[in-house]
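Undergrad: what's the 3D shape of this:
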Amino acid sequence: MAENLDRLKDWIGRKESKSDVATAWPVGAMAATFDRRDPEPRNGDVIAPGWHWLYFLEAKPASELAADGHPKRGGFLPPVPLPRRMWAGGRIEFQRPLRVGDALRRDSEILAVEPKQGKSGSLVFVTVRHTVHAAGEMAVVEEHDIVYREAAKSTDPAPQAKPAPASAQWRREITADPVLLFRFSALTFNGHRIHYDLDYVRDEEHYPGLIVHGPMQTLLMLDLCRRNSERAVRKLDYRALHPVFHGERMTINGNPAAGDSKIDLWTANGAGGYAMVGTAQL
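TA: A predicted model of the protein is given here:
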């Protein structure tokens, strides 16, 4: 394992570029998924912060998918020899808005590959930097942290979340039902079975329910800012702490600092424990 992990450092500095067009339909579909009542998107309309994740989607042939529904290892991302790949967190800077109809380009680079040892065993953190250009101008710069983990065991203790604040100045409650998870998976072309295959997530991952997407929780935190402030988010730091399972009545929370320029954000599971935390700057 150690020799394989050392070899993965050869991926540091690897780059790729992808092109896309900011079409209108995914914007309207995401608004509907988040239960917004936005006007029908038209060319030139501003796209919400974070919704660049609706584009540059990876569409591998079915024969190139692994048993978990993710693409098989290798290619741009390093072939980490650990079976579970999860969204750990990241940092995003929004330099200018994307607009419907914009020609898009995303330049990506592997910044780091870091093996670590955690309570659950071996971990590998991979950090990728994405730079998104819209209509020829730099629009979004983000660093995305991915964590690879060992296979789950039925004897693993159930994860315990730290208690989150019982109240917040901004709060929205939603039920993370399978329909919400399905629609988000479809919009982001995410085939990972932990979000829709209950038998798989129970038998292979040993979780009690379907997992609510980390990216969806991140976008819900950004959406909470949109619902409560007229000022746009310029930066967001976020980190995943604990899973949320389908059927839970989860909350999306925000506490703005004085002057409404900095927002402490978090999502909480049905028991009131921290799931995702973030800090937004307006």
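Undergrad: for E40, give me its contacts.
TA: Under the criterion of Cβ atoms under 8 Å, 6 or more residues apart in numbering, the neighbours of E40 are 24, 28. C-beta here means a position set from N, CA and C on the backbone, and glycine is covered the same way.
Undergrad: find the helix or strand that the closest residue to R226 other than its chain neighbours is a member of.
TA: For R226, ignoring the flanking residues on the chain, the nearest one in space by Cβ to Cβ, 6 or more residues apart in numbering is A48 at 6.3 Å. Under DSSP states H and E, no helix or strand contains A48.
Undergrad: just give the number of residues close to A48.
TA: 23 (other Cβ atoms under 10 Å).
Undergrad: identify the residues contacting it.
TA: A48 sits in contact with 27, 30, 222-223, 226, where contact means Cβ under 8 Å, 6+ apart.
Undergrad: R193 too?
TA: Contacts of R193 by Cβ under 8 Å, 6+ apart are 68-69, 200-201.
Undergrad: quick one: it from E204, how far?
TA: R193 sits 8 Å away from E204, going by Cβ to Cβ, to the nearest Å.
Undergrad: cool, and A66?
TA: From A66 to E204 the distance is 12 Å (Cβ to Cβ).
Undergrad: list the contacts of the nearest residue to V244 once chain neighbours are set aside.
TA: Nearest residue to V244, sequence neighbours excluded (Cβ to Cβ, 6+ apart): V212, at 4.1 Å. Listed by Cβ under 8 Å, 6+ apart, the contact set of V212 reads 176, 181, 195, 243-246, 248, 250, 275.
Undergrad: avg pLDDT for whichever strand in the chain runs longest?
TA: Longest strand in the chain, counting residues (DSSP state E): strand 103-118. Taken as a whole, strand 103-118 has a mean pLDDT of 92.
Undergrad: can you give me the buried ones in whichever helix or strand comes after it?
TA: Beyond strand 103-118 on the C-terminal side, the first helix or strand identified by DSSP H and E is strand 121-134. Neighbour-count burial for strand 121-134 flags 122-134 (criterion: 16 or more other Cβ atoms under 10 Å).
Undergrad: for the next helix or strand after strand 121-134, packing partners?
TA: Going down the chain from strand 121-134, the next helix or strand is strand 137-149, by DSSP H and E. Counting contacts by 3 or more Cβ pairs under 8 Å, 6 or more residues apart in numbering; DSSP states H and E, strand 137-149 is packed against strand 84-94, strand 121-134.
Undergrad: strand 137-149 pairs with which strands?
TA: Sheet pairing of strand 137-149 (DSSP bridges) gives strand 84-94 (antiparallel), strand 121-134 (antiparallel).
Undergrad: could those strands be laid out in a markdown table, adding mean pLDDT and distance to L8?
TA: Below are those laid out as a markdown table (pLDDT from 0 to 100; distance: least, Cβ to Cβ, whole Å):
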| stretch | mean pLDDT | distance to L8 |
| --- | --- | --- |
| strand 84-94 | 93 | 13 |
| strand 121-134 | 93 | 7 |
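Undergrad: go through those strands and name the closest to E16.
TA: Of all the strands paired with strand 137-149, strand 121-134 sits nearest to E16, with 9.8 Å by Cβ to Cβ.
Undergrad: the closest one: how far from the chain's middle?
TA: Here strand 121-134 is found 11 Å from its chain centre; the criterion is Cα atoms, centre = their mean, to the nearest Å.
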